[in-house]
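Q: Sequence first, predicted model second:
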Amino acid sequence: MVRHGGVTNGYWEYHKVFRKLPLWLPFAWMLAFHYLYKLEQNLIPILKKQSQKNKIILAIILALTLPAFGEVITIYLGVWTYYWPYQLLGVPLYAFICLVFVHMLVYTILHFVCKKYQIKDIVFN
């Protein structure tokens with residue numbers, strides 16, 4: 001039998017959750033994305049040069065720091081534990097990379113949606 005996933009392979013575990021994927025997790029991701037978007041929406045006008053490159057750098061920095069900070073909080077609250085090596089404050093390097101990748105993937109998709117439908121948005125244009 002082929003087993004996939006971080007939980008079934010023992011890379012992390014959720015505590016006091018009776019499912020492999022907690023039902024609240026997608027909502028937590030959506031809320032985190034909403035906060036990151038609002039923060040970027042407020043920070044972009046402050047940038048001296050609002051180039052696409054500077055927006056991407058800002059998005060990467062925020063995607064690397066804020067969700068990781070949330071990871072640290074949830075780990076120390078006992079929500080989950082990671083078992084991957086190379087950890088910083090309980091968060092593995094791999095998780096940092098995944099947080100940035102997922103955030104930038106969503107932003108890339110939304111950038112092309114805004115471009116295709118000519119939606120003016122300070123974050124995605």
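A: Sure thing, it's come through.
Q: What strand or helix carries the spatially most central residue of the chain?
A: Closest to where the C-alpha atoms of the chain average out (C-alpha atoms, centre = their mean) is Leu99, at 3.9 Å. Using DSSP states H and E, Leu99 falls within helix 93-116.
Q: Just the buried residues of that helix, please?
A: 95-96, 99-100, 103, 107, 110-111 (16 or more other C-beta atoms under 10 Å). All C-beta atoms are positioned from the backbone trio N, CA, C, and that covers glycine.
Q: hmm, back to that, pretty sure the residue nearest to the centre of the chain sits against Ile61.
A: No: if you go by C-beta atoms under 8 Å, Leu99 and Ile61 don't touch, sitting 11.9 Å apart.
Q: quick one: the helices in the protein?
A: Assigned by DSSP state H, the chain shows helices spanning 25-43, 52-76, 93-116.
Q: and Leu47, what does it touch?
A: Counting by C-beta atoms under 8 Å, 6 or more residues apart in numbering, Leu47 touches 54-55, 58.
Q: Out of the residues you listed, give me the one that has the most neighbours.
A: Highest neighbour count within the contacts of Leu47: Lys55, with 21 neighbours (other C-beta atoms under 10 Å).
Q: pretty sure that residue contacts Val123?
A: Yes: the pair Lys55 / Val123 is scored as a contact, 7.3 Å apart, by C-beta under 8 Å.
Q: Residues that sit against both of those two, list them.
A: Common contact partners of Lys55 and Val123 (C-beta under 8 Å, 6+ apart): 40, 44.
Q: Would you mind measuring from the residue nearest to the centre of the chain to Lys55?
A: According to C-beta to C-beta, to the nearest Å, Leu99 stands 18 Å off from Lys55.
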